[in-house]
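Q: my questions are about this predicted structure, shown below with the sequence.
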Amino acid sequence: MKLLRLTATEAARMIGEGSLTATELTAAYLEQIEKHDGDVFAYLKVTPEVALRQAEAIDLLPAGERPPLAGLPLAVKDVLCTEGIETTCASRFLENYRPVYTATCVKQVLSAGAVMLGKTNMDEFAMGSSTENSAYGPTANPWDTGRVPGGSSGGSAAAVAAGEALWALGSATGGSIRQPAAFCGIVGLKPTYGAVSRYGLVAFASSFDQVGPITRNVMDAALLMRHLAGKDPLDSTSVEYPDEIKLPDDRDLTGVRIGVISEISGEGIDSGVRAVIDETMKKLEGAGASIAEASIPHAEYALPAYYILAPAEASANLARYDGVRYGLRAASAGGVTEMYEETRSLGFGDEVKRRIMLGTYALSSGYYEAYYDQAQKVRTLIIRDFESAFEDFDFLVSPTAPTTAFRLGEKTADPLTMYMSDICTIPVNLAGLPAISLPAGLSDGLPVGLQIIAPPFTATKLLQAAFSAEAAIGFDGLSPLLEGVEEQEKPGAS
Ligand code: GLN
């Protein structure tokens, strides 16, 4: 059997009924990591001893008593704190940092039985769109190792696409779950702001940050999301999800009103991507949906507003890295000010420094009103744009990204071009809405993602629509690394 081809849902059933052990499945993933992670570099740290210990504990439980995610191997983005296990955010600053606690969302999925394979590579402090801002080197896209996997959750997306994890946790501030999922031909769900606890998620821009699932299909995303959501007393911005998040159960799109956001679906989008999305709209129409043009009139201001607000929040959040409280401290410094300066100069990479400078500038006296205040007003306008669009449509769609995966190094010299990678996803984060990216097809052999956006706290409906769209699209592409997996002997199986 090709163990690595099982979906989480299938593997959960087999482990639950006892026809597959958690150890067998975990060992298969560790073997794939061993084989391919030298080329992909999805993981900053693999934790085989943790994974196998968790798997063995699951296997000792009687078949009927296994928790719902029992034995399902998970990759965790290195922005999430894991007690006693290095959590670096791909920064030199936190090179040897071992948190004393585990992020709530990680705790939730591990206590539901998931097995942690390791911590994945990312852009430093989640700032970037290609994983090339990692202080430890870039991750490669499993579809073409000369290309980026997207970012900032590029390690998590690459791990899932390469068969180096069954599923993964990512985090998004501006698009870091959906965009890498799109580049790697898999599914990424950004929940409504507040749905998932941020406790133990290293802060980038706190009014945007959310953790979400990166998976091979929509059903698996739903399964993982059910265990991520919930109010956490340790994060006062988290809320009790208003209703139970249900697993999708039918594939019908009849009567569903879908609006294609014109501002982020036409101009500025590669023709190859556009062709796939046009084709996809026909398929959704064929499945019963009604498709029309929608408008988010202020979408063109989303990117500039984001690049004021997110750096402003980042500059405040990153003030804690001062050489005193966490991680790195420059050795040679004389006085305390010098120590701060030298530590921060050494510890942060270029992009992080750029954000701190942008953010401090935007917040400084005399400029605050001109930049930060204005950007907040734009944010409100965008929220209203979405509210009024949802009066006419059940869901809004667009491509997830304006291009397919670009070449490693192609955009590193030009931060603005890199920032443009997120034009389709950032408006959604400004409005705090839930959205999912699912693979829609290939353009020149590279995956294209369809983004589906929903009103706040409607995960069940969003997942149901995505599940239906997935069937209508019928994409079954696998990265060459997953396509090429061999049959695995199941010990004890005849
Ligand atoms: N690429 C965007 C940025 O660099 C979004 C990153 C993210 O969502 N974490 O800010």
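A: Cool, the structure landed. Numbering: from 1, shown residues only.
Q: touching stretch 138-150 from outside, list them.
A: Residues from elsewhere that reach stretch 138-150 (CB atoms under 8 Å, 6 or more residues apart in numbering): 36, 39-42, 120-121, 129-132, 154-155, 157-158, 161-162, 179-185, 401, 405-408, 410, 421, 445-447, 479-482. In this view, the C-beta of every residue, glycine as well, is placed from N, C-alpha and C.
Q: G18: what's its closest spatial neighbour, skipping adjacent residues?
A: A63 (4.1 Å; CB to CB, 6 or more residues apart in numbering).
Q: returning to what we had before: out of the contacts of stretch 138-150, who's near the ligand?
A: With CB under 6 Å from any ligand atom as the criterion, the contacts of stretch 138-150 include S129 near the ligand.
Q: ranges for the helices of the stretch 251-400 of the chain?
A: 271-286, 302-317, 336-347, 350-363, 374-392 (DSSP state H, counting those that start in this stretch).
Q: pretty sure G441 sits in a helix.
A: No - counting by DSSP: H, G, I helix; E, B strand; the rest coil, G441 is not found in a helix; it is strand.
Q: use 35 as the first number from now on
A: Got it, first residue is 35 now, which makes that one G475.
Q: show the pLDDT at it.
A: For G475, the pLDDT comes out at 98.
Q: residues in contact with the residue in the chain sticking out farthest from the centre?
A: For the chain, the largest distance from the centre (CA atoms, centre = their mean) belongs to G368, which lies 41.2 Å off. For G368, the contact set (CB under 8 Å, 6+ apart) is empty.
Q: close to the ligand: what parts of this protein are there?
A: Counting by CB under 6 Å from any ligand atom, the chain sits next to the ligand at 160-163, 186, 206-210, 238, 344, 456.
Q: my guess is the residue nearest to G52 meets T55, correct?
A: No - taking contacts as CB atoms under 8 Å, A97 lies outside contact range of T55: 10.5 Å.
Q: show me which of the two is the more surrounded one.
A: T55 (19 against 12; other CB atoms under 10 Å).
Q: what sits closest to that one if chain neighbours are left out?
A: T55 sits nearest to D93 (CB to CB, 6+ apart), 4.9 Å away.
Q: and the helix or strand harbouring that neighbour, what other elements does it pack with?
A: Following DSSP states H and E, one finds D93 within helix 82-94. Under the contact definition 3 or more CB pairs under 8 Å, 6 or more residues apart in numbering; DSSP states H and E, helix 82-94 sits against helix 56-74, strand 149-154.
Q: distance between the helix or strand just after the first one and the chain's centre?
A: It refers to helix 56-74. The C-terminal neighbour of helix 56-74 among helices and strands, as given by DSSP H and E, is strand 77-80. Distance of strand 77-80 from its chain centroid, counting by CA atoms, centre = their mean, to the nearest Å, is 17 Å.
Q: which residues touch strand 77-80?
A: 64, 67, 71, 109, 112, 119-120, 122, 124, 151-155, 168, 170, 189, 193, 198.
Q: pairing partners for that strand, with directions?
A: Next to strand 77-80 in the sheet, as set by DSSP bridges, lie strand 149-154 (antiparallel).
Q: sorry, back to before: now, which of the residues of the chain next to the ligand lie within strands?
A: Residues of the residues of the chain next to the ligand located in strands (DSSP state E): A206.
Q: most neighbours, which of the residues of the chain next to the ligand?
A: Once you tally neighbours by other CB under 10 Å, S210 ends up highest among the residues of the chain next to the ligand, having 37 neighbours.
Q: just give the nearest non-adjacent residue to that residue, would you?
A: S186 (4.1 Å).
Q: so that neighbour makes contact with S163?
A: Yes - S186 is within contact range of S163, at 7.1 Å (criterion: CB under 8 Å).
Q: can you list residues touching both of those two?
A: With CB under 8 Å, 6+ apart, S186 and S163 have common neighbours 157, 210.
Q: any low-confidence regions in the chain?
A: 367, 523-528 (pLDDT under 70).
Q: mind running it again at 90?
A: 35, 51, 97-99, 284, 359-361, 364-369, 399, 518-528 (pLDDT under 90).
Q: how about the residue nearest the centre of it, what does it touch?
A: Closest residue to the average C-alpha location of the chain: I211 at 2.2 Å, with CA atoms, centre = their mean. By CB under 8 Å, 6+ apart, the contact set of I211 is 187, 204-205, 222-224, 246-248, 471.
Q: circling back: can you give me the angle whichever helix or strand comes after the helix holding D93 makes with helix 56-74?
A: Using DSSP H and E, the helix or strand that follows helix 82-94 in sequence is strand 107-111. Between strand 107-111 and helix 56-74, the angle comes out at 40 degrees (axes from the mean of the first three to the mean of the last three CA atoms, to 10 degrees).
Q: quick one, what contacts the residue of the stretch 285-434 of the chain found nearest the ligand?
A: Distance from the ligand to each residue of the stretch 285-434 of the chain (CB to the nearest ligand atom) is smallest for A344, at 5.4 Å. For A344, the contact set (CB under 8 Å, 6+ apart) comprises 207-208, 238-239, 242, 389, 393.
Q: same thing but 7 Å
A: 207-208, 239, 242 (CB atoms under 7 Å, 6 or more residues apart in numbering).
Q: ok, those residues vs V290, which is closest?
A: Nearest to V290 among those is G208, at 27.3 Å by CB to CB.
Q: wait, the closest one touches T459, no?
A: Yes - when contacts are counted by CB atoms under 7 Å, G208 is listed as touching T459 (6.3 Å).
Q: how near is H261 to the ligand?
A: 22 Å (CB to the nearest ligand atom, to the nearest Å).
Q: what about the residue nearest to that residue when sequence neighbours are not counted, how many residues close to it?
A: Computed as CB to CB, 6+ apart, the closest residue to H261 that is not its neighbour in sequence is A146, at 4.6 Å. A146 has 17 neighbouring residues, counting by other CB under 10 Å.
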